[in-house]
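S.K.: Structure, please.
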Amino acid sequence: MPLDDDAREYHREEPPGKIEISTTKPTNTQRDLSLAYSPGVAAPCLDIDEDPERAYEYTAKGNLVGVVSNGSAVLGLGDIGAQASKPVMEGKGVLFKRFADIDVFDIELDTDDVGEFVRTVSAMEPTFGGINLEDIKAPECFEIESRLREEMSIPVFHDDQHGTAIISGAALLNAVDIAGKDLTEVRVVFAGAGAAATATARFYVSLGVRPENIVMCDIDGILTTDRANAGELNEFNREFARDVPEGGVAEAMEGADVFVGLSVGGIVSQEMVQSMADDPVIFAMANPDPEIGYEEAKEARDDTVIMATGRSDYPNQVNNVLGFPFIFRGALDARATEINEEMKRAAAHALADLAKQDVPDAVVKAYGDQPLQFGPDYVIPKPLDTRVLFEVSSAVARAAVTSGVARRDIDLETYRERLEARVGKSLEMLRVVLNKAQSEPKRVVLAEGTDEKMIRAASRIDTEGIAEPLLVGDRERIESIVATRGLDYEPRVVDPTEDELDEYADRLHRLRRRKGLTRREATELVRTDPNYLASVMVDAGDADAMLTGLTHHYPSALRPPLQVIGTKEDATYAAGVYMLAFSDRVVFCADATVNRNPDADVLAEVARHTAELARRFNVDPRVAFLSYSDFGSVENEGTRKPREAAHALRDDPTVEFPVDGEMQADTAVVEDVLADSYEFSELDGPANVLVFPNLEAGNVGYKLLQRLGDAEAVGPMLVGMDKPVHVIQRGDDVKDIVNLAAVAVVDAQEE
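M.R.: Residues are numbered from 1 along each chain as shown. Coordinates of the predicted model:
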C-alpha cells in the first residue's frame, strides 16, 4: 500500500527513527564542558546525594517520562514483541513532546514475566519523573500497573487502560447532557471485556454511573454471575458480572442508553441500534473498523444519535492524545507521587468543559474548516486545540494538590502562564499584556460588529475580563449570531440604524467641515460607515480604543481614524509594528504597514514609538536602524537616512534606550558579529527593535522572519495614534482580535 511505503521511507530517512537527544545548555567552550561534565558535575552530584529531591533541580528527571512496553499487545498488530514495538514507542515519545513538551526515553523490555518486568521498571525510578506503560496484554497489564504503583513513588499510568477511559468519559459527560439524561440513571453496555473496557467501566462508575447499570460482554456473551461462578471470568472483569439472563451484545443493547465498543469491527447492526432507548449514545471505538459504521448508526434512527469512534475521519474521535500528554504534564509539574482517580476525573471534566467553549479559528482550519460547535457532532475537543494543555494540565495539577499527592508547592494562579510559555514565546509575552489589560479593563469599540469573528472575539474579551467590548452593527443580527453560536454573552451594541447618532454626526462635521465635509455627509458617514462611527466614539471619549480592518483593506480601514483621531502631539506619522516571537527571543519590526518611504525624522519617530510599545510587553528596547550598510560602509541617500535617524535619537537627552545604525540585519541580531567587529556600537546586546528603511523592506523582512524563522507574529500594532487604534489584517483569527484588544487596552491605560 502507498501509505505503508511512505511510512517506511519516513522512518528510514536519515537519521533513522523519530527522536533524538539534544543539549539544553551551552557546550561551545572548554569551560562549558567542565561545567557539564568533569570536574564541575561533582557539585550537583554531591548535593543530590545529600538530598535526592534536588535531582529535580539539577537534572531533566522532572520532565522525563519512560514509555515502557514489551510489545505484547500493540494496537492493531497484537503480540509483535519488544523490538518490533519500538517504532510505536518512539511515536509515543513524539506525541509527548509535540503536545506537552515532555521528553521521553522509550524502553522496550524483552520479557513476558510479570515479576521481571516490574523489577526492571522499578529499578529505573531514579531516571524518570513518570512511567507510561504501553501496549501490554491483559490480564498481565493490571498486575504490572498495580505492583508498580505500589513500589514506585512517581506516577505510573497504563494509557491503554486509562486513556480511553478518560477521553470517552469526557465524551460521555457531554453526550448525556445533550441527550437530556441523568448520568446516574443511564444503562451502559460494553462490547469487550479487556483492559480498556474494564478500566473504562470503572472510570464511568467514578464519574457517577451506577455499577448495576453496566452490562459487559466478551466474545462469549454477557458477563453473568453464572459465568463468574463457573470460573469463566478473570479476577479483573469479574466485578462486572451481573445477575441477568445469558445473551449476547444484541440482547444487552435492548433498551440501553449508551453503547461502548472496545472489541472488534462490524459486530453491531442497525437493528441493534434501533433497539436502544431514545437518543442513544454510541461509542464504537474499535480500530480501524468500528463496531458499527458512523453512517450506519446515524441512519438507523430518526432521533438524535450521538456517535463517537476512534477514527479521525468522523466527528467525535476518542483519541488518547487528548489525555496522556496533558495528564503527565500536570502530574510532573505538581511532582505528584501518582496519578489518582481525582486527577483522572479532573482531566475528563476539563475536556468536557472545553468542548462547550468557542473553538479557535486555527483549530477549525486544521480540520478542513468543518463546523466545530458543541452539540451531537462535537462532544470532545480536537487534539490540535492548544487550549487542551492549559485546561487539562491545570486541572490535573490542581487535583494533585487538593488530593494530597503533590510533593511541591505550585501556584495554581500562575501555573497557566508557565504552560503558555511552553507553547510559545508569543503567548508568554502576550500574558504580560493580558494581565495588564485585566487589571483595568477599558471600553474597546469593534467597528465590524456584525462579523461573526468579531462577535466571538467580543465574547472572549468580555468573558476573560480584558475589556468592555462595544459592537457596531445591526443589533438583531448580532444577537442572532450570538444565539446561533451558543455564546454565553450579552453583547453591548451600537446600532447605526436605530440609535441616536446626532451628537456623533455633529462632532464629525466640526472636525472635517474645513476639509469639505457637509453636515448631511457627516450624518451619512456615521450611519453607513462603521469605521467613522467608531472613530468618533473614541474621539468623543465614549470608547477608549478601537479595532477594525477584518473586512476592509488596510488603507481604507486606517483612513477614518487618521482623519478623526489623528496622531499624537509628538507624532506626525503612525506606523505598523509586528512583534515576532522566536523560541529564544522577541523582536519588534517597524514599519511594516504604513509609511512607504520615510525620511530620517519619520524613522526616528517610528523608533521612539516602537520602543514605547516594547516596554508595554516588559521588554527593554535596543533599537537598530537597518540598511545594507554597516556604520557608513556605503554612502548614499538610502544609507544616510537610517544613520541620521540613529544620530538624532542618540543626541536626544530624553531617549533612555540604546540605539544605533545604520547596520545590516545580521549585525543587529547576532551578538558575536556586533561585539567582534563593532565594539564601539551603542547596543549592549542584540537588537530587539528593528526599524526598516522603508515599507517594502519592512513588509518583506517581517514575513521572511516569520516564515523561515518559524516565529509567531502578533500585529500589526499601530503606534503614534493620539488614541488607541489598531487595524487588524483581513482574515485574522479570533485570537488575533483578542490579542490586539488587550494591546489596545494597555495603550488606553498608558493614555
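S.K.: Kindly report the domain assignment for the chain.
M.R.: 35-154, 162-320+332-402, 433-564, 575-720 (automatic domain parsing).
S.K.: Ends of the first one, what's the gap?
M.R.: Read it as domain 35-154. 29 Å (C-alpha to C-alpha, to the nearest Å).
S.K.: Run the chain-centre distance for that domain.
M.R.: 26 Å (C-alpha atoms, centre = their mean, to the nearest Å).
S.K.: tell me the mean pLDDT over that domain?
M.R.: The average pLDDT for domain 35-154 rounds to 92.
S.K.: swap in the third one?
M.R.: Average pLDDT, domain 433-564: 91.
S.K.: What of the last one?
M.R.: Regarding domain 575-720, the rounded mean pLDDT is 89.
S.K.: Which positions in stretch 502-515 come out as buried?
M.R.: 504, 505, 507, 508, 509, 511, 512 (16 or more other C-beta atoms under 10 Å). For every residue, glycine as well, the C-beta is placed using N, CA and C.
S.K.: Which strand or helix spans the first one?
M.R.: If you go by DSSP states H and E, residue 504 is part of helix 502-512.
S.K.: List the contacts of that helix.
M.R.: 517-519, 522-523, 525-526, 532-533, 536-537, 539-540, 563-564 (C-beta atoms under 8 Å, 6 or more residues apart in numbering).
S.K.: In ChimeraX, select just the buried ones from these.
M.R.: This is how ChimeraX selects the buried members of those, with burial counted by 16+ other C-beta under 10 Å:
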select :517,522,523,525,526,532,533,536,537,539,563,564
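S.K.: Spatially nearest residue to residue 593, not counting backbone neighbours?
M.R.: residue 576 (2.8 Å; C-beta to C-beta, 6 or more residues apart in numbering).
S.K.: residue contacts, the one you found?
M.R.: Shown in contact with residue 576 (C-beta under 8 Å, 6+ apart): 590, 591, 592, 593, 594, 715, 716, 717, 718, 719, 727.
S.K.: what sits against the fifth one?
M.R.: What it means is residue 594. 558, 573, 574, 575, 576, 695, 718.
S.K.: same thing but at 7 Å, please
M.R.: Counting by C-beta atoms under 7 Å, 6 or more residues apart in numbering, residue 594 touches 574, 575, 576.
S.K.: do the same with the second one
M.R.: Contact criterion C-beta under 7 Å, 6+ apart gives 575, 576, 598, 606, 692, 695, 698 as the residues in contact with residue 591.
S.K.: Of the residues you listed, just say which sits nearest to residue 281.
M.R.: Within these, proximity to residue 281 (C-beta to C-beta) peaks at residue 576, which comes in at 50.5 Å.
S.K.: and the closest one, bridged to which residues?
M.R.: Using DSSP bridges, the bridge partners assigned to residue 576 are residue 718.
S.K.: Give me the distance between it and residue 46.
M.R.: 55 Å (C-beta to C-beta, to the nearest Å).
S.K.: Kindly report the same for residue 60.
M.R.: Going from residue 60 to residue 46 by C-beta to C-beta gives 19 Å.
S.K.: do the same with residue 750
M.R.: Distance of residue 750 to residue 46, computed by C-beta to C-beta: 51 Å.
S.K.: got it, and residue 160?
M.R.: For residue 160, the distance to residue 46 - C-beta to C-beta - is 41 Å.
S.K.: Of the two, give the one with the bigger neighbour count.
M.R.: Using other C-beta atoms under 10 Å, the more surrounded residue of residue 160 and residue 46 is residue 160, with 24 against 10.
S.K.: my read is that one is in a helix, agree?
M.R.: Yes. Counting by DSSP: H, G, I helix; E, B strand; the rest coil, residue 160 is part of a helix.
S.K.: from what I can see it touches residue 196, true?
M.R.: Yes. Using C-beta atoms under 7 Å, residue 160 is in contact with residue 196, at 5.8 Å.
S.K.: picking up where we left off before, just put the domains of the chain in JSON lines and tack on distance to residue 737.
M.R.: Output for those, formatted as JSON lines (distance: least, C-beta to C-beta, whole Å):
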{"stretch": "domain 35-154", "distance to residue 737": "26"}
{"stretch": "domain 162-320+332-402", "distance to residue 737": "10"}
{"stretch": "domain 433-564", "distance to residue 737": "4"}
{"stretch": "domain 575-720", "distance to residue 737": "12"}
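S.K.: of those, which approaches residue 745 most closely?
M.R.: For the domains of the chain, proximity to residue 745 was assessed by C-beta to C-beta; domain 433-564 is nearest, at 3.9 Å.
S.K.: Model confidence for the most centrally placed residue in the chain, exactly?
M.R.: What sits nearest the mean C-alpha location of the chain, by C-alpha atoms, centre = their mean, is residue 386, with 1.7 Å. On pLDDT, residue 386 comes in at 84.
S.K.: From what I see, it and residue 420 are in contact.
M.R.: No. Assessed by C-beta under 7 Å, residue 386 is found out of contact with residue 420, at 9.2 Å.
S.K.: which residues in the stretch 1-150 of the chain form helices?
M.R.: Assigned helices in the stretch 1-150 of the chain, in chain order: 2-12, 30-36, 42-50, 55-58, 81-84, 86-100, 114-122, 140-151 (criterion: DSSP state H, counting those that start in this stretch).
S.K.: whoops, the stretch 551-700 of the chain was the one
M.R.: In the stretch 551-700 of the chain, the helices defined using DSSP H, counting those that start in this stretch lie at 554-564, 600-616, 637-650, 665-669, 671-677, 695-708.
S.K.: nearest to residue 435, of these?
M.R.: For residue 435, the closest of the helices of the stretch 551-700 of the chain is helix 600-616, at 11.6 Å, according to C-beta to C-beta.
S.K.: Could you pull out the buried residues of that closest one?
M.R.: Within helix 600-616, the residues scored as buried using 16+ other C-beta under 10 Å are 600, 602-611, 613-614, 616.
S.K.: ditto for stretch 217-230
M.R.: For stretch 217-230, by 16+ other C-beta under 10 Å, it's 217, 218, 222, 223, 224, 227, 228.
S.K.: Quickly note the distance from the closest residue to residue 64 other than its chain neighbours to residue 303.
M.R.: Among residues not flanking residue 64 along the chain, residue 103 sits closest, at 5.0 Å (C-beta to C-beta, 6+ apart). Distance, residue 103 to residue 303, using C-beta to C-beta: 48 Å.
S.K.: what do you get for residue 6?
M.R.: According to C-beta to C-beta, residue 6 and residue 303 sit 42 Å apart.
S.K.: re the thing from before, closest to residue 428 out of the helices of the stretch 1-150 of the chain?
M.R.: helix 86-100 (16.2 Å).
S.K.: Pick the one among the buried residues of helix 600-616 closest to residue 319.
M.R.: Closest to residue 319, out of all of the buried residues of helix 600-616 and judged by C-beta to C-beta, is residue 616, at 39.3 Å.
S.K.: Would you agree the closest one is in contact with residue 744?
M.R.: No. Between residue 616 and residue 744 there is no contact under C-beta under 7 Å: 10.9 Å.
S.K.: What count of nearby residues applies to the residue lying closest to the residue nearest to the centre of the chain once chain neighbours are set aside?
M.R.: Nearest non-adjacent residue to residue 386, counting by C-beta to C-beta, 6+ apart: residue 423, 5.7 Å away. By other C-beta under 10 Å, 17 other residues sit near residue 423.
S.K.: Look up the pLDDT of residue 423 for me, please.
M.R.: Predicted confidence (pLDDT) for residue 423: 72.
S.K.: and it, how far is that from residue 415?
M.R.: 13 Å.
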